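1. give me coordinates for this.
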Amino acid sequence: MVDAQRRPQILEHLNKSLTVTIHATRWIPGTARFVAVGTYPRSTGCLQIYELSEAELRASAERERPDGFKCATLGASPSSSSQLATGSFSGRLQVWDLERGAAGAPLFDAQAHASIVNAADGFGGRAVGYGPPEIATAGRDGAVRVWDVRQADAPVAAFEPADGDSVRDCWAVAIGNSFNDEERCVLAGYDNGDIKLFDLRANKARRRMTRAWRAHDAHAFAVVRWETNVKNGVCGLQFDRPDISMNKFTASCLESQLHVFDARTQHPQHGFAGLTEKLARGTTVWGAAHLPQNRDVLAAHTGGGEVALYRYRYPDQRRVKDQDGCEMGVAGSLEALSHASLSSQPVNSFDWSPDRLGLFVCSAFDQCLRVGIVTKLEKI
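-> Got it, this is the predicted structure:
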């Protein structure tokens, strides 16, 4: 347990009232800037870039686009520039050059889904030796698709409901397990509580057969490595770190549910060990973000306007053997560190700064942007 004097505090530093609804906020690595995307009242897309100063948030660029934006990621951005991938309410995946303030035409533009792109996550652009830059998208049409934006505007992998199956709205997606050029996994979460882990391990075959695959069977390498149902709609998914062998990941859900799965050991029948935390102040958990500088600390943001801080504690033994000699994982525990009420409306987006410990930006449905700081994290 953390004693009172060492307990972190969640403090609001700056806020800015807007006339637009923001759906995603993302820090631009290596800078004191972040990008916010959403919709104007006329349902067009809003892309804003803000610079952090001591006394205020200063807008350095603002662009209006025909389609409202639902989600965004910088995860597949190359190290030489800042390229933001956005998913729109009309189903488009687009990539924008933030060095130009997103002026001009997008660098990449594809009709990714039949309707809303609910979530997007990317990886590979900044690291060397960890696979190609790819973006995973999740749509209202129930599909999960993986895109290499250096190639033509067709997905390199697609995971879609089989003919005759009921279509479930896919709300969340995350890329991880990208610790070398061969391995990569995609997590997907659905409105009925399903979580599926798709294995993209066949990267070599996938790359060699891209053109033929697109022309024939887009499901040829759709391997479901693991699946479960957490009984409530899955609003957010995140690996604690995408660039290492799978360690753990979180699923944030309706009905106050936060799940953490230990992904180091997969049992052939029981899958991954996990734990469930029910937030004391019952509400939807919109997402959970692991602290970049300490992956065992995470912040959950909720429909009640709160941010709640937790620390994951590993068990004494992370794996044991069952009666048949098969290894199975052992879940740890979550320790509540702190919580703060930041808004009277749901906090729908949250992002930690990758450069400054404890600095975060979030948006809420009260049409405010907030920059805050969590203190004493270096003592955790």
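2. straight-line length of stretch 130-139, end to end?
-> End-to-end span of stretch 130-139 (CA to CA, to the nearest Å): 26 Å.
3. the strands in the stretch 251-380 of the chain, which residues?
-> Remark: strands assigned in the stretch 251-380 of the chain by DSSP state E, counting those that start in this stretch are 257-267, 271-278, 285-291, 294-302, 306-313, 319-321, 327-329, 333-341, 347-352, 359-364, 368-374.
4. looking at those, which is closest to residue 14?
-> For the strands of the stretch 251-380 of the chain, the distance to residue 14 is smallest for strand 368-374, at 4.5 Å, taking CB to CB. Where you see a C-beta, it was placed from the backbone N, CA and C, and this is true even at glycine.
5. can you list contacts of the closest one?
-> For strand 368-374, the external contacting residues (CB atoms under 8 Å, 6 or more residues apart in numbering) are 8-18, 22, 25, 36, 50, 52, 57, 299, 307, 309, 338, 342-343, 358-364.
6. if we use 6 Å, what do you get?
-> Contacts with strand 368-374, where a contact means CB atoms under 6 Å, 6 or more residues apart in numbering, come from 8, 10-17, 342, 358-363.
7. what mean pLDDT does it have?
-> For strand 368-374, the mean per-residue pLDDT is 97.
8. so in that sheet, which strands flank that strand, and in what orientation?
-> Using DSSP bridges, the strands paired with strand 368-374 are strand 10-17 (antiparallel), strand 359-364 (antiparallel).
9. mind putting the ones you listed into a markdown table with distance to residue 86, mean pLDDT and mean neighbour count?
-> Below are the strands paired with strand 368-374 laid out as a markdown table (distance: least, CB to CB, whole Å; pLDDT from 0 to 100; neighbours: other CB atoms under 10 Å):
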| stretch | distance to residue 86 | mean pLDDT | mean neighbour count |
| --- | --- | --- | --- |
| strand 10-17 | 21 | 96 | 15 |
| strand 359-364 | 15 | 98 | 24 |
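10. all helices for the protein, in order.
-> 203-208, 210-215 (DSSP state H).
11. sorry, back to before: which of the contacts of strand 368-374 lies closest to residue 252?
-> residue 362 (14.1 Å).
12. the closest one and residue 286, how far apart?
-> Residue 362 sits 10 Å away from residue 286, going by CB to CB, to the nearest Å.
13. quick one on the thing from earlier: possible to save the strands of the stretch 251-380 of the chain as CSV with distance to residue 159?
-> Below are the strands of the stretch 251-380 of the chain laid out as CSV (distance: least, CB to CB, whole Å):
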stretch, distance to residue 159
strand 257-267, 19
strand 271-278, 18
strand 285-291, 22
strand 294-302, 26
strand 306-313, 28
strand 319-321, 29
strand 327-329, 25
strand 333-341, 30
strand 347-352, 25
strand 359-364, 29
strand 368-374, 34
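14. can you say which of the ones you listed is nearest to residue 152?
-> Here strand 347-352 is closest among the strands of the stretch 251-380 of the chain (CB to CB), at 30.5 Å.
15. name the helices or strands packed onto that closest one?
-> Under the contact definition 3 or more CB pairs under 6 Å, 6 or more residues apart in numbering; DSSP states H and E, strand 347-352 sits against strand 21-27, strand 285-291, strand 359-364.
16. dump the C-alpha coordinates for that strand into PDB.
-> Provided in PDB are the C-alpha atoms of strand 347-352 (Å, rounded to 0.1, in the frame of the first residue of the first chain):
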ATOM      1  CA  VAL A 347     -14.300  11.900 -20.000                       C
ATOM      2  CA  ASN A 348     -14.300  10.300 -23.400                       C
ATOM      3  CA  SER A 349     -10.500  10.600 -24.200                       C
ATOM      4  CA  PHE A 350      -7.300  10.500 -22.200                       C
ATOM      5  CA  ASP A 351      -3.600  10.400 -23.300                       C
ATOM      6  CA  TRP A 352      -0.400  10.500 -21.300                       C
END
